[in-house]
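A.B. asks: everything below, folded, please.
(one chain, ligands or ions: 1)
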Amino acid sequence: MAISDPDLVIAWKQVLDMCKVTAGEQLTILTSDDSNPQIVGACRIAATQIGAVVSLLNLPPMNGEKALSRDKSGYVGKTALAFNSAALACLKASDMVIDTMQLLFSPEQEQILRGGTRMLLAVEPPEVMLRMMPTMEGKARVLAAEKLLEKAKVMTVTSKAGTDFRCALGQYPVLTQYGLADEKGRWDHWPSCFVARWPDEGSCEGTIVIDEGDIMLPFKMYARDRVVLTIEKGFVTRIDGGFTADYMKEFMDSFNAPEAYAMAHVGWGLEPRASWTQLGLYDRESGLSMDSRTFAGNFLFSTGPNTEAGGKRDVPCHLDIPLRKCSLSLDGEAMTVEGKVVQPPM
Ligand SMILES: [Fe+2]
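C.D. replies: Model (predicted):
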């Protein structure tokens, strides 16, 4: 169902207020040729109403001829900013950037954030953004999970499907997403609600089983059959199974980069309004499917880059795979049990 322009303006006003955007702040809306014009237009009006000094910065899309899909999460890290020092200077000089083109994982994004600019990604369909408006309760839940993850030394994950995974934590910072860029230098994504961390280099070990029906991103498909991943010293070393395993392997191989097989962030979803079923009801190109990444109790693991956490692994292949029905523990204390959140309490 579509969202009206007035409703989207009201929502933007609320979210910008929660992001502490104030009169006189420099707010830049970053756009590309495939930005959603309704999102851009509504944000512009809301920011102007607040009294922010609003600029629109348009950059050309890149790597269309290299990527295997139109989804920007299918080929990450390289953006037009790499060659455009004038645009980079504009974003660095902004107090707040609304990203409707998706800079995620680019080194330029890290530079912009280090300067104190806050950034909010907004690329999901407007009705999904409104269904999952950021809330202070969601933020509190994510920050409570951050505290638990911050002090943890070991994460273990098991499932009846056969997952038996462990990794050490401590080398990299915790990643929190609650839909608000409300602190200096903070990046976030509206909508989002999960917590994650990059495991210590080389520490991931065990087996992860992607069961039939689990979601695989950026393919935006439900696994058709079981995939068994063998993980040794931080890397996926075997991918066994049928069609779905073959598909995954072929995609990862196509990047010709051993680092594509590194384990990346691991964590769990904390959004009760997100749904495992949403992906099946949408056209695959309509959004990133934050429902899939954030639905409450999923174990979200990923592969590929760690530049976002301050690491050196800059590889354009990034998979996000949220598993259902897993039990995730930190230092032996249960965070989820068979896909249900127990910590922090919902
Ligand atoms: Fe990811």
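A.B. asks: care to break this structure down by domain?
C.D. replies: Domain ranges of the chain: 5-123, 133-341, per the TED database.
A.B. asks: could you tell me the least trusted of those domains?
C.D. replies: Note on these: lowest mean pLDDT is at domain 5-123, with a mean of 92.
A.B. asks: what's the span of it, first residue to last?
C.D. replies: Terminal residues of domain 5-123 lie 16 Å apart, using Cα to Cα, to the nearest Å.
A.B. asks: rewinding a little: relative to the ion, which of the domains of the chain is closest?
C.D. replies: Nearest to the ion, of all the domains of the chain, is domain 133-341, at 4.2 Å by Cβ to the ion. All C-beta spots, glycine's among them, are computed from the backbone N, C-alpha and C.
A.B. asks: other SSEs contacting the host helix or strand of D7?
C.D. replies: Assigned by DSSP states H and E, D7 belongs to helix 5-18. If you count contacts as 3 or more Cβ pairs under 8 Å, 6 or more residues apart in numbering; DSSP states H and E, helix 5-18 packs onto helix 37-50, helix 126-131.
A.B. asks: give the buried residues for stretch 144-157.
C.D. replies: For stretch 144-157, the neighbour count (16 or more other Cβ atoms under 10 Å) marks 145-146, 148-149, 152, 154-157 as buried.
A.B. asks: just these: which are in strands?
C.D. replies: 154-157 (DSSP state E).
A.B. asks: for the chain, longest helix please?
C.D. replies: For the chain, the longest helix by residue count, based on DSSP state H, is helix 136-151.
A.B. asks: what is the very next helix or strand once past the helix holding D7 packed up against?
C.D. replies: Next helix or strand after helix 5-18 toward the C-terminus (DSSP H and E): strand 26-31. Applying 3+ Cβ pairs under 8 Å, 6+ apart, one finds that strand 26-31 contacts helix 37-50, strand 53-58, helix 85-92, strand 96-99.
A.B. asks: show me what counts as buried in strand 26-31.
C.D. replies: By 16+ other Cβ under 10 Å, the buried positions in strand 26-31 come out as 27-31.
A.B. asks: returning to that earlier point: got the domains of the chain as CSV, with distance to the ion columns?
C.D. replies: Output for these, formatted as CSV (distance: least, Cβ to the ion, whole Å):
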stretch, distance to the ion
domain 5-123, 8
domain 133-341, 4
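A.B. asks: end-to-end on stretch 61-79?
C.D. replies: Using Cα to Cα, the end-to-end distance of stretch 61-79 comes to 8 Å.
A.B. asks: contacts for it, please.
C.D. replies: 32-34, 59, 80, 101-109, 123, 217-218, 220, 251, 254, 284-285, 288, 304-305, 307, 314-318, 320 (Cβ atoms under 8 Å, 6 or more residues apart in numbering).
A.B. asks: just those residues: which are in helices?
C.D. replies: Per DSSP H, these map to helices at 107-109, 251.
A.B. asks: most neighbours of all the residues you listed, which one?
C.D. replies: Highest neighbour count within the ones in helices among the contacts of stretch 61-79, by other Cβ atoms under 10 Å: Q109, with 24 neighbours.
A.B. asks: gap between it and F255?
C.D. replies: 20 Å (Cβ to Cβ, to the nearest Å).
A.B. asks: hmm, back to that, of the contacts of stretch 61-79, grab the buried ones for ChimeraX.
C.D. replies: Buried members of the contacts of stretch 61-79, defined by 16+ other Cβ under 10 Å, are picked up in ChimeraX with:
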select :32,59,80,101,102,103,104,105,106,107,108,109,123,217,218,220,251,288,304,305,307,314,315,316,317,318,320
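A.B. asks: which of the contacts of stretch 61-79 fall in strands?
C.D. replies: Per DSSP E, the contacts of stretch 61-79 map to strands at D320.
A.B. asks: nearest to D240 among the buried residues of strand 26-31?
C.D. replies: Checking the buried residues of strand 26-31 against D240 with Cβ to Cβ, the nearest one is L30 at 41.5 Å.
A.B. asks: quick check: beta-bridge partners of the closest one?
C.D. replies: Counting by DSSP bridges, L30 forms beta bridges with L57, D99.
A.B. asks: hmm, I321 is touching K220, no?
C.D. replies: No: with contacts counted by Cβ atoms under 8 Å, I321 stays clear of K220, the gap being 11.6 Å.
A.B. asks: overlap in contacts of these two?
C.D. replies: Counting by Cβ under 8 Å, 6+ apart, I321 and K220 have no common neighbour.
A.B. asks: sorry, back to before: TSV please, covering the helices and strands packed on strand 26-31 and showing distance to L270 and mean neighbour count.
C.D. replies: Putting the helices and strands packed on strand 26-31 into TSV (distance: least, Cβ to Cβ, whole Å; neighbours: other Cβ atoms under 10 Å) gives the following:
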stretch	distance to L270	mean neighbour count
helix 37-50	24	19
strand 53-58	32	16
helix 85-92	29	15
strand 96-99	22	26
